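**Q** I'd like to go over a predicted model; first the sequence, then the structure.
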Amino acid sequence: MNPKPAQPPAASPYGTLPAAPPAAARKPISLPRLREMHAQGEKITMLTAYDATFAAVADAAGVECLLVGDSLGMVCQGLTSTVGVTLETMRHHTECVARGLRRAQATAWLIGDLPFGSYHESKEQALRSAVVLMQAGAHMVKLEGGGWTTDTVHFLVERGIPVCAHLGLTPQTVHALGGYRVQGKGDEAAATLKRQAHELQDAGAAMLVLEMVPAALSAALTTELKHCATIGIGAGVGTAGQVLVLHDMLGMNLGKMPKFVHNFMNDAGSVRGAMQAYVNAVKEGRFPVDTQHAW
Ligand code: KIV
């Protein structure tokens, strides 16, 4: 009797996660690998992710870092700012993303965003909050602000928690900043931002998101910071890597699209295709374009 030909796996409903890539295809992204990319000048790609399926698809598209950003408050919860996002919500979404990556045997580096109020009281409170996200599956935590956050960053890094800092437009302080505006304009503001960035690097931050910062300032900082990879969003092409909010780059922003976003879905036939186009454009230095997407 002839053996039955092998059957493809049965289709499963509700957004099947992509097949795992061959084991040797890609090494897991680790902190040493990110440092190596930074040292060699290879651009680092990052997108936000809030659920299992998008996370697995982004990984399959070659995105190296996934940020479970508190932007999920606006994107997933319909809030008007990130201020109302809780640690429990961040824990839940971090766990969803981590589960998606595990199921797809994915390789991306996972960053959990500490929400407003979860690290402001004390270093000890920050540690407790960071532990929640790390135990949910994050490899690194992100927190906003400079100056007062430096000691906290040092405290977390000393305890084995990799940290991504965030300067420029820090959305959790939107009310103090008076809106979503470019930061670091003018000599004094630029000098403060530079000083804070160096302090954060010295405290051990391995990455630094620069949001809505003039392109010339972020390019200069990127050259100066040898041990901390700058990740730009609205900060020009001269940073060590780029990040975008997933829904924005897929053209799912029904409001006014920020100037620094490009809709990668326009020329792509699929979400995965759009993500691959983003990865290629960042790697090749074709996105962002300073004259179009930056200040
Ligand atoms: O919350 C978020 O998604 C972020 C990115 C915009 C960097 O902080």
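**A** On my side now, so go ahead. Residues are numbered from 1 along each chain as shown.
**Q** only C-alpha atoms from now on, for both contacts and neighbour counts.
**A** OK.
**Q** once you drop chain neighbours, what's closest to the residue of the stretch 151-295 of the chain found nearest the ligand?
**A** Relative to the ligand, the nearest point of the stretch 151-295 of the chain is V245 (5.6 Å; C-alpha to the nearest ligand atom). Leaving aside its sequence neighbours, V245 sits nearest to T48 (C-alpha to C-alpha, 6 or more residues apart in numbering; 5.1 Å).
**Q** contact residues of the stretch 51-200 of the chain facing the ligand?
**A** By the rule C-alpha under 6 Å from any ligand atom, the part of the stretch 51-200 of the chain lying against the ligand is G69, D70, S71.
**Q** any idea how far apart the tips of stretch 237-244 sit?
**A** Stretch 237-244 stretches 13 Å from its first residue to its last (C-alpha to C-alpha, to the nearest Å).
**Q** ok, residues contacting that stretch?
**A** 38, 41-48, 215-216, 218-219, 222, 229-233, 261, 282, 285, 287-290 (C-alpha atoms under 8 Å, 6 or more residues apart in numbering).
**Q** mark which of the residues you listed are buried, thanks.
**A** Using 16 or more other C-alpha atoms under 10 Å as the burial test, the contacts of stretch 237-244 include 38, 42-48, 215-216, 218-219, 222, 229-233, 261, 282, 287-288, 290 as buried.
**Q** those residues in strands, which ones?
**A** Counting by DSSP state E, the buried ones among the contacts of stretch 237-244 place I44, T45, M46, L47, T48, A229, T230, I231, G232, I233 in strands.
**Q** so of those, which two are at opposite extremes in space?
**A** Pairwise distances across these (C-alpha to C-alpha) peak at 17.3 Å, for the pair T48 and A229.
**Q** which residue packs closest to whatever residue of the stretch 51-200 of the chain ends up closest to the ligand, ignoring adjacent ones?
**A** Here the residue of the stretch 51-200 of the chain nearest the ligand is G69; by C-alpha to the nearest ligand atom that distance is 3.3 Å. Nearest residue to G69 in three dimensions, chain neighbours excluded: D113, at 5.2 Å (C-alpha to C-alpha, 6+ apart).
**Q** in the stretch 51-200 of the chain, mark out all the helices, start to finish.
**A** Secondary structure of the stretch 51-200 of the chain (DSSP state H, counting those that start in this stretch): helices located at 52-60, 72-75, 87-103, 123-135, 150-158, 174-177, 187-203.
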